[in-house]
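In: fold the following, please.
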Amino acid sequence: MTSQENIDRARVLRRKINQANIDYYVLDEPAIPDAEYDRMMQELIAIEDECPELITKDSPTQRVGARPLDSFSEVKHVVPMLSLSNAFDEEEMTAFDHRVREMLEQDQIEYVGETKFDGLAISLLYEDGVLTRAATRGDGVTGEDVTQNARTIRGIPLRLQGKSTPKRFEVRGEIVMTHQAFDKLNEKQKAKEEKIFVNPRNAAAGSMRQLDSRITADRQLSFFAYSVGLFEKDEQSPEITSHSEMLVRLKTFGLPVSEIMVLKGLKACLLYYRTMNNLRNSLDYDIDGVVFKINDFKQQEIMGFVSRAPRWAIAYKFPPEEELTQVLDIEVQVGRTGALTPVARLEPVFVGGVTVTNATLHNEDEIKRKDVRVGDTVIVRRAGDVIPEVLKVVMEKRPDNTRPFKMPAKCPICDSDIEREEGETVIRCSGGLYCSAQQVQAIIHFASRRAMDIDGLGDKLIEQLVEKGLINNVSDLYGLQQTQLACLERMAEKSASNIISALNNSKKTTLDRFLYALGIREVGDATARSLANHFGNLSAIQSATQEALEDVADVGPIVAKHIVTFFSQTHNQEVINNLLTAGVHWSDVEVKAEQPLRGKIFVITGTLKGMKREEVKQRLLALGAKVSGSVSKKTDYVIVGSDPGSKAEKARKLEVEILDEAGFLSLLE
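Out: Residues are numbered from 1 along each chain as shown. Reported below is the predicted structural model:
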C-alpha cells in the first residue's frame, strides 16, 4: 500500500474500532462479532508497525500497555474530588430531604438516583477531545497519575466523539471489575498458582495500581462516568442545566454512563433505593448503595458545600453484611494526628468478602455505650462495606469474668498527657513533636512550605529517615549528615548536598513560621501570626497563661488551652531547645501598642472588589480584631461584599452593624 493508502486505511480502521467500542461499552448493542473486531485491530497494528509515524495517542492500538513505570507521580486535581455524606437508614435519608427542601424553600425536589459503584474513583482529563491524564481520587486534592493504566480500558475513549466537545473537560467516574471478569482473573491466578483476589473491588484497585500497564490491560476493567469536574464549553454548545442532561451529554461523547433514574420527591427515592437493593445481587458488578443528587444545577449551587462534601448529594448505603465473632483483646492505637482509637482484636471472621481480624470501636463514648469487653461475643459488620466495626455485644454469651474497658490516662506510645475537649468524642495525645506514632506527620508538617520550607524534604524521604531510625523528631533533622542522606533510596551526593543546604537555609525563619511548624493543635499560620504580633517573642508565648492567650485575636479558650498544654510538656520544651541549639533563629517581632479594633468581632461575607477576603482578615487581625465565621449577638460588624450569603440576613435580624466595602475602608482610616 502507498503511504496515502495506509493513512486512509488507518483512519477508517480507527473510526470503526472506536465505534465498535461505543456500541459494546456505551450502547450495550455490539454490532460486529469479536472475530471481526480482532481482525480490524490486527490490520491496524500491522499498518502502524510498517509506518510508526501513523501512531497517534488516541489510536486503539495504544491500549495494550506501555513500559513499566518506576512509580506513580502525584497529580493535583483541576477541581477537588469531594467525598459524599452518607445515610444508613430511612430516617437519615428523610432528614437529608428535609434539609434540602428547607434550604431551597420547595415542597418537592427533583433528584437523580444512581447506583453507587463499589470500585475505584478516577478523574479523566480531556484536552481538545483527547485523553491527556487520568488520576485516582487520592485525598481529594491530590491523586496519583494512572494515565497509562486508564488508556488500556476499552470503555474509556481515548478521543471524545462528536464535533462540539469541550476544549478542556474533566469527567469523574468509577473503575470496576465485573463478576465475569473477576472470575476469569481468579481462574488465571489459580492456574499460575498466584494470589487469589478476595473481591472485585480489591482486584480493580490493585489492577489500576500496577506499575506495568500491560498487566492492567489484561484485567478487563470497566468504567462508568457519573459526574463532571471541569467543562470548558464553546459558545456554540447548548446550555446544560441539570445533572441528568449532563449525563446524556457524556453519553454522546462516547463515555459509558451510570444507569440513572430521575425521581420526584422523597417517596420516589425510597422506592428506587429498595428496588436497587433487591436487584443488587443480580447485577454483574458490585454496588454498595444509591447516590441521590439534586438534578437542577442552580439548586445545587444554592445548596453549596459543607466541609469536603456537597450539601446537594448523599450516598444512601445498603445494609452491610454482619457476622458473629469473639473479642480477643482491645488495644488503643495512636493515629498520625494523635487521635487515640480503641481497636478490637477479633477471632478471624469472613464478612463482606474479606477476613476481618480487627474492628474499630471508634472512641471512648462508643465503647462505653456498647460496653464492649475482652471475651465478649459481638456482631461485626463492615460499615458501608469498607470499615469493619463492632455493631453490638451479644449479652447472653458474655463470660462471667469480663471487666469494663478503660481508656488510658496517658498516651500508650509516648506517655504524654491526653486531651479531650468538652463536647468532643476524640481523645488526643499532646506529644505531637515527640510521640513516635505522630513523628512522620509532625516532621512532614514541620518541613512544609508554609512552615520551615525545607526544599526537597518530601514525604517519602521523611518516611525513609524515620524508618531507618535516622531521625525521631524534628530537631534531629539538623543533625543529619550528607553521607547518611546519600545512602538512601533515590538519593545521590548532589541531592543529599541540596537537602543539607535547604536545612541550613531554613534555620533563618520568622517567629510565626516557627510557631506554625511546631504543629500545635488548631494553631494555623494565621493564628501563629497573631500570636507573634501580640507577644513579640517565643519566651512570652511559652510562659503566657490561658487568660493572656485568650486576649489574642483569633485565639479562643480551646486554642489557648492547646497552646498551654503543648508548652507545658517537658519533651516539647526539650525539642524546642534542641532546635534553638541547632541554630534555628528569627528576629523578635515589634509589638504594636495601639490596636484600635482590639476585642471587636468581625464577620466577612460575599465578594469584595478591592481586596481578597484573606487580606481583609489579616488587616483586621493586625489591628487587634477577631474574625469569626458565623454571626451571633456578640458580632460587632459584618462586612458585606457582592453576592452575600445568609450571614448578611442574619446580621440584619440581630441588628448587627453592616459595612459595605467603602464603609470598611472608611473604618480602617
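In: check contacts around Thr337.
Out: Thr337 makes contacts with 428, 438, 441, as judged by CB atoms under 8 Å, 6 or more residues apart in numbering. Backbone N, C-alpha and C define where each C-beta goes, glycine included.
In: out of those residues, which are buried?
Out: Listed as buried from these are 428, 438, 441; burial here means 16 or more other CB atoms under 10 Å.
In: from these, which land in strands?
Out: Arg428 (DSSP state E).
In: show me which of the buried ones among the contacts of Thr337 is closest to Asn281.
Out: Ranked by distance to Asn281 (CB to CB), these are led by Gln441 at 41.2 Å.
In: any low-confidence regions in the stretch 301-450 of the chain?
Out: 307, 320, 336, 352-353, 383-386, 422-423 (pLDDT under 70).
In: quick one, strands of it?
Out: 305-306, 309-310, 313-317, 322-334, 339-351, 354-360, 377-383, 387-393, 418-419, 427-429 (DSSP state E, counting those that start in this stretch).
In: between these, which one is closest to Lys468.
Out: Closest among these, using CB to CB: strand 322-334, at 21.3 Å.
In: compute the inter-axis angle for that closest one and strand 377-383.
Out: Interaxial angle, strand 322-334 versus strand 377-383 (axes from the mean of the first three to the mean of the last three CA atoms, to 10 degrees): 80 degrees.
In: in contact with the most centrally placed residue in the chain, which residues?
Out: Centroid-nearest residue in the chain: Asp139, 2.7 Å away (criterion: CA atoms, centre = their mean). Counting by CB under 8 Å, 6+ apart, Asp139 makes contact with nothing.
In: quick revisit: okay if I get the contacts of Thr337 as JSON lines plus distance to Glu259?
Out: Below are these laid out as JSON lines (distance: CB to CB, whole Å):
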{"residue": "Arg428", "distance to Glu259": "44"}
{"residue": "Gln438", "distance to Glu259": "44"}
{"residue": "Gln441", "distance to Glu259": "41"}
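In: closest to Ala225 out of those residues?
Out: For the contacts of Thr337, the nearest to Ala225 is Gln441 (34.8 Å; CB to CB).
In: now that closest one: how far from Met103?
Out: Going from Gln441 to Met103 by CB to CB, to the nearest Å gives 36 Å.
In: circling back to that earlier point, now the phi/psi pair for the residue nearest to the centre of the chain, please.
Out: Reported as degrees, to the nearest 10, the phi and psi values for Asp139 are phi -90, psi 10.
In: what residues of stretch 284-291 count as buried?
Out: Of all the residues in stretch 284-291, those buried under the rule 16+ other CB under 10 Å are 285-291.
In: excluding sequence neighbours, find me the nearest residue to Asp329.
Out: Nearest residue to Asp329 in three dimensions, chain neighbours excluded: Arg345, at 4.2 Å (CB to CB, 6 or more residues apart in numbering).
In: cool, and Lys317?
Out: Of all residues not flanking Lys317 in the chain, Gly289 sits nearest, at 4.0 Å (CB to CB, 6+ apart).
In: now do the contacts for that neighbour.
Out: Gly289 neighbours (CB under 8 Å, 6+ apart): 86, 116, 315-318, 384.
In: in a strand, it, correct?
Out: Yes - judged by DSSP: H, G, I helix; E, B strand; the rest coil, Gly289 forms part of a strand.
In: quick check: beta-bridge partners of it?
Out: Bridge pairing for Gly289 (DSSP bridges) gives the partners Lys116, Lys317.
In: that one and Phe318: what is the separation?
Out: Taken as CB to CB, the span from Gly289 to Phe318 is 5 Å.
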